[in-house]
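Enquirer: how does the following fold in three dimensions:
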Amino acid sequence: MGATTFVSSRHAPTAQQAFNGLVADALQAYGDEGYTGTIAEKGSYKSIEVSEHLNIRSAINFMLDDDDHWVGDKWGPAGHIETIEDGKALHIFFGWASE
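Expert: Take a look at the predicted model:
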């Protein structure tokens, strides 16, 4: 079985609410038999602080491309970054997932 990257985001008051909603959406869209290559393969997440001076997309791409970074573990937790968009909390989850 291989692995692929995913990036999923949702506005929500808390990271846990966003994570639960994104996992539920992915399970509904791709099924619950595993190996979907989506956030549905993740059982947890780990929050990462990103300096406001960095571009979030660039930071995510760097972590996904870094072979030594823990987000590269397809069985490990998803990465999580919280930012503000349009005055609301936006939760971004990313990582490698089994497919």
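
Enquirer: other SSEs contacting the longest helix along the chain?
Expert: Ranked by residue count under DSSP state H, the longest helix found in the chain is helix 15-30. In terms of contacts (3 or more CB pairs under 8 Å, 6 or more residues apart in numbering; DSSP states H and E), helix 15-30 is packed against strand 3-11, strand 45-47, strand 78-85, strand 88-98. (C-beta placed from N, C-alpha, C; glycine too.)

Enquirer: so what's Asp66 closest to, chain neighbours aside?
Expert: Gly72 (6.9 Å; CB to CB, 6 or more residues apart in numbering).

Enquirer: neighbours of Ala97, how many?
Expert: 22 (other CB atoms under 10 Å).

Enquirer: please list all residues in contact with the nearest residue to it once chain neighbours are set aside.
Expert: Of all residues not flanking Ala97 in the chain, Glu41 sits nearest, at 4.1 Å (CB to CB, 6+ apart). Contacts were defined as CB atoms under 8 Å, 6 or more residues apart in numbering; by that measure Glu41 touches 34-35, 74, 97-98.

Enquirer: for those residues, could you give me TSV that also reports pLDDT and distance to Ser8?
Expert: Output for the contacts of Glu41, formatted as TSV (pLDDT from 0 to 100; distance: CB to CB, whole Å):
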residue	pLDDT	distance to Ser8
Gly34	90	17
Tyr35	95	17
Lys74	95	15
Ala97	97	10
Ser98	95	16
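
Enquirer: could you list the low-pLDDT ranges of this structure?
Expert: Along the chain, segments meeting pLDDT under 70 span 1.

Enquirer: repeat that with 50
Expert: Nowhere does the chain drop to pLDDT under 50.

Enquirer: and the residue nearest to Ser9 when sequence neighbours are not counted, how far is that from Asp32?
Expert: Counting by CB to CB, 6+ apart, Ile92 is the residue found nearest to Ser9 once chain neighbours are left out, at 4.4 Å. Using CB to CB, to the nearest Å, Ile92 is found at 23 Å from Asp32.
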